[in-house]
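I would like the atomic coordinates for the input below:
(one chain, ligands or ions: 1)
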Amino acid sequence: MKPFTYLASGILSGTALGYTLPVEVNTMNHQKADERPPESPQAFESLNIHNQDGDKSPVGFNPVLQAQQPFPVWLTEVTGLTEWPGLDPPYIPLDFIDMNAIPKFPAHDFGVCPPVRDSCSFDCYKCVAFDDVYTCPKLSQTFDDGPSPATPKLLDHLQNPSTFFTLGTNVVRFPDVYLQIMAKGHVMASHTWGHRFLPALSNEDIIAQIQWSVWAMNATGNHLPKWFRPPYGGTDDRVRYIVRQFGMQSVLWDLDSFDWQLVSNERTETEIYGDARAWVAKRPKSGLILEHDGLIRTVNAAIEVNKIIGRDQLTVPQCVGGINYIKEFKKSWWRTPW
Ligand SMILES: [Zn+2]
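Numbering: from 1, shown residues only. Model (predicted):
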């Protein structure tokens, strides 16, 4: 049986917690592009409807039927189940999470913000906590929503190690692509199981979205992620508390490419490249850029952005001097080209 309760030891060791952020906390330096709202659940859904014409959709499929990664025996022992779940997976109680200790901030839907700011909502108020990563000393790209059939093209062109925030449903759907990303020496991180807006969910459903993502990554990559990016930037001190129980740290961003708007024609490649050149010209040349590898069009844009920025970039753990994973069970087989 694959060990499971080591999740708790990752928390107890307090890995990489407690560093000092390079810029002032709780006061985001908003870029011009960041004055627009973050990617909405509605936009995400429409993006995937568009996507069904050309690419294999990164979501909007039946994750139960299309999972390629075998469901491991150790996960049956932990969950009692025998196949990967749907977009809203079942909550499996974990002995290392004290449900009574979770902060009792009320749930809120996307765009329906609490008038009181004490929950430190990022999606509502761009509030960041002491252990959130939201910028980087070097201008660096990050990629969400994969792995997807578009990802290998990005891998062929990326000039530097980067960070991939993967959806569990896509990890088990495209496990071969997941392993390709790993084999190139990139850092694998979590973006939940089914891309739900977490502040709207119950504590149990938030845990389910995270635990199934971690299990998908462990079953496929034999490791436990350290870095977690909430879909739509949807996080507050209730969500963060749960993320920390898994030993993970939340990762946000300070520079948004808005590449997902390419599909709805709200944004052009020219605009994205213009922003990238402006970020390169700015001093200090720093920041964490949000991009996506779920679609071929965003991948094509990311390749051009990579040319504009160049290879002098950092992974998220390098940005803050942290570890790549809480635990890696084997890695002797993979090569690291950088
Ligand atoms: Zn996403």
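
separation between residue 129 and residue 110?
Separation of residue 129 from residue 110 (C-beta to C-beta, to the nearest Å): 20 Å. From N, CA and C alone the C-beta is placed, and that goes for glycine too.

Mind pulling up the pLDDT for the residue nearest to residue 239 when sequence neighbours are not counted?
Nearest residue to residue 239, sequence neighbours excluded (C-beta to C-beta, 6 or more residues apart in numbering): residue 198, at 4.8 Å. As summarised for this prediction, residue 198 has a pLDDT of 98.

Can you get me a residue count around residue 77?
Neighbour count for residue 77, taken as other C-beta atoms under 10 Å: 11.

same deal with the one 3 residues further on?
For residue 80, the count of nearby residues is 9 (other C-beta under 10 Å).

Report the closest residue of the stretch 201-338 of the chain relative to the ion.
Closest approach of the stretch 201-338 of the chain to the ion (C-beta to the ion) occurs at residue 231, with a separation of 4.6 Å.

ok, and the closest non-adjacent residue to residue 97?
Of all residues not flanking residue 97 in the chain, residue 245 sits nearest, at 4.7 Å (C-beta to C-beta, 6+ apart).

Also residue 230?
In space, and not counting its chain neighbours, residue 230 is closest to residue 198: 5.4 Å by C-beta to C-beta, 6+ apart.

from memory the one you found sits against residue 240, does it?
No. Assessed by C-beta atoms under 8 Å, residue 198 is found out of contact with residue 240, at 9.9 Å.

before we move on, the earlier item: skipping adjacent residues, who's closest to the residue of the stretch 201-338 of the chain closest to the ion in space?
Among residues not flanking residue 231 along the chain, residue 195 sits closest, at 4.7 Å (C-beta to C-beta, 6+ apart).

My guess is that neighbour contacts residue 167. True?
Yes. Using C-beta under 8 Å, residue 195 is in contact with residue 167, at 5.6 Å.

Between these two, tell me which one has more neighbours.
Taking other C-beta under 10 Å, residue 195 and residue 167 do not tie; residue 167 has more neighbours (29 against 25).

Go ahead and confirm residue 324 touches residue 317.
Yes. Using C-beta under 8 Å, residue 324 is in contact with residue 317, at 5.3 Å.

Overlap of the contact sets of the two?
Common contacts of residue 324 and residue 317 (C-beta atoms under 8 Å, 6 or more residues apart in numbering): 187, 226.

returning to what we had before: how many neighbouring residues does the residue nearest to residue 230 have?
Applying other C-beta under 10 Å, we find 25 other residues in the vicinity of residue 198.

Equivalent analysis for residue 251, please.
A count of nearby residues for residue 251, using other C-beta under 10 Å, gives 28.

now swap in the one 10 residues further on and tell me
Taking other C-beta under 10 Å as the criterion, the count of residues near residue 261 is 19.

Just confirm residue 165 is within a helix.
No. Under DSSP: H, G, I helix; E, B strand; the rest coil, residue 165 sits outside any helix and is assigned strand.

what's near enough to touch residue 214?
Neighbouring residues of residue 214 by C-beta under 8 Å, 6+ apart: 7, 168, 190, 224, 225, 246.

Quickly note the distance from the third one to residue 289.
Going back to what we said before, that points to residue 190. In this view, residue 190 and residue 289 are 19 Å apart by C-beta to C-beta.

what's the answer for the last one, then?
Using C-beta to C-beta, one obtains 25 Å as the distance from residue 246 to residue 289.

And for the second one?
Residue 168 sits at a distance of 23 Å from residue 289 (criterion: C-beta to C-beta).

More neighbours: which of those two?
residue 168 (31 against 24).

so that one touches residue 193, yeah?
Yes. The criterion here is C-beta under 8 Å, and residue 168 meets it with residue 193 at 3.7 Å.

just the contacts of residue 214 now: which is nearest residue 99?
The nearest member of these to residue 99, counting by C-beta to C-beta, is residue 246 at 14.2 Å.

Go ahead and confirm the closest one touches residue 210.
Yes. Counting by C-beta under 8 Å, residue 246 touches residue 210, with 5.9 Å between them.

give me the low-pLDDT residue ranges for this protein?
The model of the chain has pLDDT under 70 over residues 1-40, 42-61, 63, 331-338.
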